[in-house]
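Colleague: Prediction below, plus the sequence it came from.
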There are 2 protein chains.
Amino acid sequence: MSCRYDRPRPGLAVDCVVFGFDEADLKLLLVERAMSPCQGHWALPGGFVRIGESVDEAARRELREETGLAGVFLEQLFTFGAVDRHPGDRVVTVAYYALVKLADQRTRPATEARAATWFPASKVPPLAFDHGQILQVALDRLRGKVRYVPIGFELLPPKFTLSELQHLYEAILGRPLDKRNFRKKVLAMDLLDDLEELQRGVRHRAARLYGFNPRKYRRLVKQGFNFEL
Amino acid sequence: MSCRYDRPRPGLAVDCVVFGFDEADLKLLLVERAMSPCQGHWALPGGFVRIGESVDEAARRELREETGLAGVFLEQLFTFGAVDRHPGDRVVTVAYYALVKLADQRTRPATEARAATWFPASKVPPLAFDHGQILQVALDRLRGKVRYVPIGFELLPPKFTLSELQHLYEAILGRPLDKRNFRKKVLAMDLLDDLEELQRGVRHRAARLYGFNPRKYRRLVKQGFNFEL
């Protein structure tokens, strides 16, 4: 006896909250919806899960198709399953969040979406569906996560200054941090390599460049740690 | 223009990892599957999401129908979306985990499942589908969570001894803890109320009873904390 389930099924979608950091601001990548419902509104890149692909594969495919991004950090965030979250149809969405080094990536507007555009995370336009709520959950996750995972690794270029690292944490946490205290705590974590190199092409006094040590990073991710800022 | 999605849809299910604590052991609640596939195998309580209910509601309904449990701590865990996780059909499942005070609850075998039975979390029979993997993710979440949320609140009766609290942490973490060190750290969190009462009806020397302070608990949940054991 088989128990294939023949009752009406909710639609199943994926949506991606894509964060980037441009050395000053936390950014969010949005697409303009080409189709109804919510045509012309800004939305998270996403779409329906196909019957022959895993949910993770669907998230990577939609991200690639809608924004051109591939090979980025992508992690499942939360599944949003309210009955009325999508007008006119029952759609449950599995939300993901992606972290993108803006220094590395070029995003291109793709076929399905009219345009993929970076917005400052603090100045996001009204979003389609419950995407505003999904963004809030992603921001909360990111804020929680920086306390016990050195997440900057995914958002900063290979070489960065301590000021850039501090700006990243300030942008994520949404509040200024004390410079001396921040440096002391970051260096105490013993996660950074001093690259013994100075910034080039800056007008102000060139700052020292650092990089994440991948070995120490993997150890810290495994062990967890507590980075109170 | 509507864009109702008419392509084949994956089935959407919920599954619940139900943890309990009986003052010595971490327990897991399983049901015996009455229907194929995997008939006769032990499985997590769960079932399909109906078109008119939210995913959260589906999890609460299935938990109630299959185990008789209601009004317990229930939180979304992770969504499992591999293509081959269910034989013969494409089913994506949103997994939840529940924490149950065994001292409070009576579970009854219900209509849909043949029997709902508590197993020690360390001696679980082979599980249907990918439920073994789901259990592992839930255990990892629980182990991670005790580091920054006073989760014992959901698993212990209103009055408990420090030994019982220590046994709970030992059961979750799967390793023995040093008694003196544990007490020192727990009391330093300033989360417990000394109830100025002693255990009754025990053969050994009666121990002091404690309770969680709900106000301090809510504050700690909001702030987060770091409880390294």
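Modeller: Good, I have the coordinates.
Colleague: Can you give the distance from the longest helix along chain A to the centre of its chain?
Modeller: In chain A, taking DSSP state H as the definition, the longest helix is helix A:131-145. Taking C-alpha atoms, centre = their mean, to the nearest Å, one finds helix A:131-145 lying 9 Å from the centre of the chain it belongs to.
Colleague: near chain B, anything from it?
Modeller: Yes: under the criterion of C-beta under 8 Å from any C-beta of the partner chain, chain B is reached by helix A:131-145 at residue A:144. Glycine gets a C-beta too; all of them are placed from N, C-alpha and C.
Colleague: go on, stretch A:28-45?
Modeller: Yes: remark: stretch A:28-45 sits within contact range of chain B at A:35-37, A:39, by C-beta under 8 Å from any C-beta.
Colleague: The residues you listed: which two are farthest apart?
Modeller: Based on C-beta to C-beta, the longest span within these runs between A:35 and A:37 and measures 8.0 Å.
Colleague: And those two? Which one has more around it.
Modeller: Of the pair residue A:35 and residue A:37, residue A:37 is the one with more neighbours under other C-beta atoms under 10 Å in any protein chain shown, namely 16 against 12.
Colleague: Local confidence estimate at the more buried one?
Modeller: Per-residue pLDDT puts residue A:37 at 87.
Colleague: Wait, a helix at it?
Modeller: No: Residue A:37: not assigned to a helix; according to DSSP: H, G, I helix; E, B strand; the rest coil it is coil.
Colleague: check contacts around the nearest residue to residue A:29 once chain neighbours are set aside.
Modeller: The shortest distance from residue A:29 to any non-neighbouring residue, by C-beta to C-beta, 6 or more residues apart in numbering or on different chains, is to residue A:18 (3.8 Å). Residues counted as contacts of residue A:18 (C-beta atoms under 8 Å, 6 or more residues apart in numbering or on different chains) are A:28-29, A:44-45, A:63, A:67, A:69, A:72, A:97-98, A:100.
Colleague: can you list those in a markdown table and add secondary structure and pLDDT?
Modeller: A markdown table is the format used below for the contacts of residue A:18 (DSSP: H, G, I helix; E, B strand; the rest coil; pLDDT from 0 to 100):
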| residue | secondary structure | pLDDT |
| --- | --- | --- |
| A:28 | strand | 97 |
| A:29 | strand | 96 |
| A:44 | coil | 97 |
| A:45 | coil | 96 |
| A:63 | helix | 96 |
| A:67 | helix | 93 |
| A:69 | coil | 93 |
| A:72 | coil | 92 |
| A:97 | strand | 97 |
| A:98 | strand | 96 |
| A:100 | strand | 92 |
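Colleague: Let me have those in a markdown table, extended by neighbour count and distance to residue B:137.
Modeller: Shown next, in a markdown table, are these (neighbours: other C-beta atoms under 10 Å in any protein chain shown; distance: C-beta to C-beta, whole Å):
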| residue | neighbour count | distance to residue B:137 |
| --- | --- | --- |
| A:28 | 23 | 28 |
| A:29 | 24 | 28 |
| A:44 | 28 | 24 |
| A:45 | 27 | 26 |
| A:63 | 27 | 23 |
| A:67 | 28 | 28 |
| A:69 | 24 | 26 |
| A:72 | 20 | 23 |
| A:97 | 25 | 18 |
| A:98 | 23 | 21 |
| A:100 | 23 | 26 |
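Colleague: For chain B, state which of the residues you listed is nearest.
Modeller: residue A:97 (13.8 Å; C-beta to the nearest C-beta).
Colleague: rewinding a little: right, and the helix or strand after the longest helix of chain A?
Modeller: helix A:162-173 (DSSP states H and E).
Colleague: Brilliant, that's me finished.
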